[in-house]
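Participant: Got a predicted model here, sequence first, then my questions.
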Amino acid sequence: MKNGLYTVQFAVGPNQGAGVLTFWDGMVSGGDSGFAYFGQIDQNGEQMIGTVEINQHSVGIDNVFAGLTSFTLKIEGRETQNDTASFRGTTDAAPGVPLNVAMRLLRAF
C-alpha cells in the first residue's frame, strides 16, 4: 500500500461505520467521531496482516461491535486495484463475529 490518507468503511452485519486513517510504512492511525485507531499492518506482496487497537474517545458513540469501548482488532486482507484494500477482522472481545473493512486512498504522501 502507498503511504497516505485513506477512507475506511467497515461493517459487522447490518452495523456500518466509516472513518479516515493514515498509513505510513506499515503503521496506521486514524479514527471516526467516537473511536481512535492505532496499529500496524505488515505487507507481503498483495497480502496484508496486522493488529489495530480501537479505543473510544467520545462517550455515547456506538461502534459496529455493540457495547465494546476498547478492543484489539486482528485483520487480514489484500491490496486490490485502484489504490484500495479489503480486510476481514476479528476480535477476541466478540468471538465469531467478523468485521469487513474497505480502504480507499484519498491522497498519497
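Facilitator: Yes, it's here.
Participant: what's next to stretch 54-73, contact-wise?
Facilitator: If you take CB atoms under 8 Å, 6 or more residues apart in numbering as the criterion, stretch 54-73 is touched by 10-12, 15-17, 31, 33-39, 51-53, 89-94, 97, 99. In short, each C-beta sits where N, CA and C put it, glycine included.
Participant: which ones among these are found in helices?
Facilitator: Nothing among these maps onto helices, per DSSP state H.
Participant: For ChimeraX, write a command that selects the buried ones of those.
Facilitator: Buried residues among these (16 or more other CB atoms under 10 Å), as a ChimeraX selection:
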select :10,12,17,31,34,35,36,37,39,51,52,89,90,91,94,99
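Participant: In strands, which of the contacts of stretch 54-73 fall?
Facilitator: Those of the contacts of stretch 54-73 mapping onto strands are 10-12, 15-17, 31, 35-39, 51-53, 89-90, 99, per DSSP state E.
Participant: Local confidence estimate at the closest residue to Val12 other than its chain neighbours?
Facilitator: Leaving aside its chain neighbours, Val12 sits nearest to Val64 (4.1 Å; criterion: CB to CB, 6 or more residues apart in numbering). pLDDT recorded at Val64 is 91.
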